[in-house]
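**Student:** Turn this into a structure:
(chains A and B)
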There are 2 protein chains.
Amino acid sequence: MPVPDIHPTLSPAEVRLLCRENKFQEPTTASYCDGYVQANLVILSEKYAEDFRIFCARNPVSCPLIGETYPGDPRVPEHLATNCDIRTDLPRYNIYRDGKYVETKSNIEKEWKSDSVAFLIGCSYSFEAALCTNGLIPRHIELGRNVAMYRTQVPLMPAGVFSGRMIVSMRPYPLEAIDSVRAITRPYVRAHGEPVAWGANGARALGIDDVAGLRPDHGDPSDIRAGEVPVYWGCGVTPQQVVIDSGIPGVVMSHAPGHMLVLDQLISDVCRFD
Amino acid sequence: MPVPDIHPTLSPAEVRLLCRENKFQEPTTASYCDGYVQANLVILSEKYAEDFRIFCARNPVSCPLIGETYPGDPRVPEHLATNCDIRTDLPRYNIYRDGKYVETKSNIEKEWKSDSVAFLIGCSYSFEAALCTNGLIPRHIELGRNVAMYRTQVPLMPAGVFSGRMIVSMRPYPLEAIDSVRAITRPYVRAHGEPVAWGANGARALGIDDVAGLRPDHGDPSDIRAGEVPVYWGCGVTPQQVVIDSGIPGVVMSHAPGHMLVLDQLISDVCRFD
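**Tutor:** The predicted model follows:
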């Protein structure tokens, strides 16, 4: 049931409580809790956890690991989010069985098992806030759309049962803004950081044909205007897709697109080198 | 002047002292100090250090950063090597100016500047020792050759002034040994870890045509025998080549191929997850 008085100034703990009580019915967490880290979620059986941990370590641009839970323990580490239950404190979860989508639910208390491990992975919302602050508003935010995402031909570094190819998000910028866009997003190392490629040459290096931004593989089409080029970043859909495609038997869970976990950590705390 | 009584059982400190006194004239450090970490070396001006640090963080399979010196201070951190001067304690150094090779020297005391920063990067010798221990002796060691290396089409994740494509090393193994080879090298996360690709499909994903291993871009040809496939790993030549190719003005230095810095750290200490 929608709650009309939900306001972007809610604290992360307030958003999580609304989720837990099943009262957060907004289409996305994106516009909430400005300045706080939001995380992608992947939940796996403990037996694949070490492979996934190494996979993230080998592919930090696509899979920037922020933290994880102990096996079977649904509590998120306190330094990331106080009093947070990973089974209830996101708005929506996607459930997959044997690599196939099964359903979307608002909590996963029944699906969580004694060997479940939850991985929290950095999200582009962190660097998008910095782009907005610097007057470089991503086109999809201006248009009220989802970001355009592409499958690439770039192989990820395999680890155990996990392998795949990089997925990227695309935001158009004028060629003369590339240096600024790179510098602004560079520090957000646990949120994909600076772009991985840009322009027609960049698209070619990634193996993307649709340089015009009109036929993305995921998300919505973009609108690339005169003087602008496509700019590509690592994307948190990558680890989710890799895990779904990996062929591991049984249940895998993730957040539903746009329905992230809002952490208590400030973006400035966790997304820069120390 | 060659020293006939140099012996593989020398300690890392003894090898470094021989280097400092210009008495280590062997063709490589590879067969010395079994069980100890050896490191690739890249020396840059401080003004490019932060970009390089981020470049390594974004490409940990190719560029596993083990440690670095303070700007202008030639002492290697004590926890890596005791009483170690980066300007003298490797057998040989390559010197590049404005991206062009200039000369090979046995010490770089004259070239080291007040803004020089030395980066130490993990090396495949660490996981090769583990392969040998497990009876999976790399072919180039059996043949007494240098490992075969290939330029790939896989773009690295750019960071500031640094970008490029991945270089890989290749060792042939029987198809049925791939699982063992992956499992044995997986833990050596700061020494390139498990393979990035293998077999004809792997070669294709990397953009390598010479699946037979006969025409490598660097190093020596291999000898792939019946039932074997090429297995590709991240390679420490990558960061060196990226820095040389980056077009940054002035002097860049590295170890000469095969002439690594021998650290006091045990492979088991630094090349596994903690």
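**Student:** how far away is A:Arg204 from B:Glu78?
**Tutor:** Separation of A:Arg204 from B:Glu78 (C-beta to C-beta, to the nearest Å): 47 Å. Where C-beta positions appear, they are placed from N, C-alpha and C, glycine not excepted.
**Student:** who has more neighbours, these two?
**Tutor:** Between A:Arg204 and B:Glu78, A:Arg204 has the larger neighbour count (other C-beta atoms under 10 Å in any protein chain shown), namely 13 against 10.
**Student:** ok so the more buried one is a helix residue?
**Tutor:** Yes. Using DSSP: H, G, I helix; E, B strand; the rest coil, the assignment for A:Arg204 is a helix.
**Student:** phi, psi of A:Pro12?
**Tutor:** phi -50, psi -40 (degrees, to the nearest 10).
**Student:** What ranges does chain A have for its helices?
**Tutor:** Assigned by DSSP state H, the helices in chain A fall at A:12-20, A:49-58, A:125-133, A:139-143, A:178-185, A:199-206, A:237-245, A:267-270.
**Student:** Take those and lay them out in TSV including mean pLDDT and distance to A:Pro257.
**Tutor:** Below are the helices of chain A laid out as TSV (pLDDT from 0 to 100; distance: least, C-beta to C-beta, whole Å):
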stretch	mean pLDDT	distance to A:Pro257
helix A:12-20	97	16
helix A:49-58	96	20
helix A:125-133	90	12
helix A:139-143	94	13
helix A:178-185	97	21
helix A:199-206	96	21
helix A:237-245	93	8
helix A:267-270	77	21
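**Student:** export these to JSON lines and tack on distance to chain B?
**Tutor:** Shown next, in JSON lines, are the helices of chain A (distance: least, C-beta to the nearest C-beta, whole Å):
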{"stretch": "helix A:12-20", "distance to chain B": "27"}
{"stretch": "helix A:49-58", "distance to chain B": "5"}
{"stretch": "helix A:125-133", "distance to chain B": "14"}
{"stretch": "helix A:139-143", "distance to chain B": "22"}
{"stretch": "helix A:178-185", "distance to chain B": "8"}
{"stretch": "helix A:199-206", "distance to chain B": "5"}
{"stretch": "helix A:237-245", "distance to chain B": "13"}
{"stretch": "helix A:267-270", "distance to chain B": "14"}
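**Student:** Near chain B, which residues of the stretch 101-250 of chain A? Just list them.
**Tutor:** Counting by C-beta under 8 Å from any C-beta of the partner chain, the residues of the stretch 101-250 of chain A close to chain B are A:154-155, A:157-160, A:182, A:186, A:189, A:193-197, A:205-206, A:234.
**Student:** mind listing which of these are in strands?
**Tutor:** Those of these mapping onto strands are A:Val154, A:Pro155, A:Ala197, A:Gly234, per DSSP state E.
**Student:** Out of these, flag the one nearest to A:Gly227.
**Tutor:** A:Ala197 (18.6 Å; C-beta to C-beta).
**Student:** for that closest one, what are its contacts?
**Tutor:** Applying C-beta atoms under 8 Å, 6 or more residues apart in numbering or on different chains, we find A:Ala197 in contact with A:Val168, A:Ala203, A:Ala205, A:Leu206, A:Tyr232, B:Pro155, B:Pro158.
**Student:** show me where pLDDT drops low in chain A?
**Tutor:** Applying pLDDT under 70 to chain A flags residues A:1-8, A:270-274.
**Student:** quick check: domain ranges of it?
**Tutor:** Chain A breaks down into these domains under automatic domain parsing: A:12-123+A:248-270, A:125-234.
**Student:** Around the closest residue to chain B within the stretch 1-150 of chain A, how many other residues sit close by?
**Tutor:** For the stretch 1-150 of chain A and chain B, the shortest gap (C-beta to the nearest C-beta) falls at A:Val61, measuring 4.6 Å. Residues near A:Val61, counting by other C-beta under 10 Å, number 26.
**Student:** if we can go back for a sec, now render the domains of chain A as JSON lines, adding distance to B:Asn40.
**Tutor:** Below are the domains of chain A laid out as JSON lines (distance: least, C-beta to C-beta, whole Å):
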{"stretch": "domain A:12-123+A:248-270", "distance to B:Asn40": "18"}
{"stretch": "domain A:125-234", "distance to B:Asn40": "18"}
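**Student:** Ok, which of these comes nearest B:Thr238?
**Tutor:** By C-beta to C-beta (comparing all of the domains of chain A), the closest turns out to be domain A:125-234, at 12.5 Å.
**Student:** Please name the residues that touch the closest residue to the residue of the stretch 1-150 of chain A closest to chain B other than its chain neighbours.
**Tutor:** Leaving out its chain neighbours, the residue that sits closest to A:Val61 by C-beta to C-beta, 6 or more residues apart in numbering or on different chains is A:Gly234, at 4.1 Å. Residues near A:Gly234 by C-beta under 8 Å, 6+ apart: A:Val61, A:Ser62, A:Pro64, A:Met166, A:Val168, A:Ser169, A:His192, A:Gly193, A:Val196, B:Met157.
**Student:** Pick the one among the residues you listed closest to A:Ile244.
**Tutor:** Taking C-beta to C-beta as the measure, A:Ile244 lies nearest A:Ser62 of these, at 14.4 Å.
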